[in-house]
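Enquirer: below are the sequence and a predicted model for it; my questions follow.
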Amino acid sequence: MPEAIQSAATPDVGTPSRPVPPRHVAIIMDGNGRWAKERGLPRREGHRRGVEAVRRSVRCASERGIGFLTLFSFSSENWSRPPDEVAYLLSLLRLFIRKDLIELHQANVKVRIIGERDSLQPDLVRLLAEAETMTAANTGLTLVIAFNYGARNEIARAARRIAEAVAAGTLAPAEIDETTISAHLDTAGIPDPDLVIRTSGEQRISNFLLWQCAYSEFVFLPARWPDFDELAFDRAVADFCERDRRFGGLSARTGA
Ligand code: IPE
Ligand code: IPE
Ligand code: MG
């Protein structure tokens with residue numbers, strides 16, 4: 001399948017009806033707690049098993065030649081959970097980076113972290129920076145981990161930096177356009193998601209990539225995140241390939 005994959009950014013103009021796979025897949029990995037509860041297990045067991053689904057998804061996206069995979073792993077609102085659950089989620093991220101970084105690097109995966117970092121513990125900030133630095137020159141899948149991420153927070157931070165540039169005289173207010181905003185978001189340089197998948201049956205965006213999802217296609221799956229596998233990934237991509245994206249214009253397939 002990898003050779004069959006063609007970037008969404010470079011559609012084959014000669015055959016407009018050919019399905020174009022997503023260049024960027026973003027996933028709201030939801031349902032760990034319910035997965036555990038349904039099995040009479042503690043919530044943390046759901047989170048632990050969720051990491052396995054993360055590994056499967058990264059492998060799957062990499063093998064299928066997807067350019068960018070964004071995983072929503074911890075939101076800026078998730079701090080409101082009980083402290084022991086928050087501590088466990090933080091420990092899982094640390095463990096994932098410590099254990100999997102070398103393997104990701106060997107698989108030519110480039111790691112990017114988005115989200116607010118200033119309020120995180122210094123050792124975690126160092127670890128996140130190390131993951132990005134070590135893999136910066138890799139040319140395979142870009143794995144974007146959204147950690148302590150909230151889209152409103154991201155937009156507010158971008159607005160602050162733009163205001164600072166205006167105050168410093170390096171940017172004129174009249175120059176501010178959509179490109180300026182995009183360039184000041186944590187996702188600068190990353191194409192907008194073509195496909196957003198949410199597991200667990202919830203059908204909401206929960207403060208994820210609000211700016212970037214303007215024209216994304218959404219697939220909502222009933223499966224809990226720890227059960228998400230290659231088949232579910234491929235089905236979501238196949239569903240995406242059936243969509244008629246119009247971007248406010250007319251259908252590229254039917255011309256209507
Ligand atoms: C997703 O699973 C993991 C995080 C949000 C960190 P949840 O923990 O939200 O699981 P549910 O939604 O309670 O089942
Ligand atoms: C969204 O899931 C955040 C992540 C998957 C990290 P939540 O479980 O936090 O979302 P809500 O609270 O159900 O909207
Ligand atoms: Mg949830």
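Expert: That came through, no problem. Ligands and ions are numbered 1, 2, ... in the order given.
Enquirer: any idea which element whichever residue of the stretch 101-250 of the chain sits closest to ligand 2 lies in?
Expert: Across the stretch 101-250 of the chain, no residue is closer to ligand 2 than residue 206, which sits at 3.7 Å (Cβ to the nearest ligand atom). Every C-beta, even on glycine, is put in place using the N, C-alpha and C of the backbone. Element membership for residue 206, per DSSP states H and E: none, as it lies in no helix or strand.
Enquirer: so it touches residue 76, yeah?
Expert: No. Residue 206 lies out of contact with residue 76 (Cβ atoms under 8 Å); the separation is 10.4 Å.
Enquirer: compare the two (neighbour count), which wins?
Expert: More crowded of residue 206 and residue 76, by other Cβ atoms under 10 Å: residue 76, with 19 against 14.
Enquirer: now do the contacts for the closest residue in space to the more buried one that isn't next to it in sequence.
Expert: Distances taken as Cβ to Cβ, 6 or more residues apart in numbering put residue 150 closest to residue 76, at 3.2 Å, once the chain neighbours are dropped. Residues counted as contacts of residue 150 (Cβ atoms under 8 Å, 6 or more residues apart in numbering) are 75-77, 115-116, 207.
Enquirer: centroid-nearest residue for the chain?
Expert: For the chain, the residue whose C-alpha lies nearest the mean C-alpha position (Cα atoms, centre = their mean) is residue 70; its distance is 1.8 Å.
Enquirer: and that one, that's in a strand?
Expert: Yes. Assignment of residue 70 by DSSP: H, G, I helix; E, B strand; the rest coil places it within a strand.
Enquirer: for it, give the beta-bridge partners.
Expert: According to DSSP bridges, the residues that bridge with residue 70 are residue 26, residue 144.
Enquirer: need the contact list for it.
Expert: With Cβ under 8 Å, 6+ apart as the criterion, the residues that contact residue 70 are 24-27, 114, 144-146, 190, 193, 209.
Enquirer: ok, residue 249 next?
Expert: Applying Cβ under 8 Å, 6+ apart as the definition, residue 249 turns out to have no contact partners.
Enquirer: does it fall in a helix, a strand, or a coil region?
Expert: Reducing the assignment to helix, strand or coil with three-state DSSP, the entry for residue 249 is coil.
Enquirer: likewise residue 79?
Expert: Secondary structure, three-state DSSP: residue 79 is helix.
Enquirer: looking at it now. What's its pLDDT?
Expert: Reading off the confidence values, residue 79 has pLDDT 98.
Enquirer: give me every residue that touches it.
Expert: If you count contacts by Cβ under 8 Å, 6+ apart, residue 79 has them with residue 86.
Enquirer: now residue 122: phi and psi?
Expert: Residue 122 has phi and psi values of phi -60, psi -40 when expressed as degrees, to the nearest 10.
Enquirer: show me where the chain has its strands.
Expert: Listed from the start of the chain, the chain has strands (DSSP state E) covering 24-28, 68-75, 110-114, 142-149, 195-198, 217-220.
Enquirer: gap between the most far-flung residue of the chain relative to its centre and residue 175?
Expert: Note on the chain: the largest separation between a C-alpha and the mean C-alpha position, by Cα atoms, centre = their mean, falls on residue 169 (33.8 Å). When distances are taken as Cβ to Cβ, to the nearest Å, residue 169 and residue 175 turn out to be 12 Å apart.
Enquirer: and if you look at residue 207?
Expert: Taken as Cβ to Cβ, the spacing of residue 207 relative to residue 175 amounts to 28 Å.
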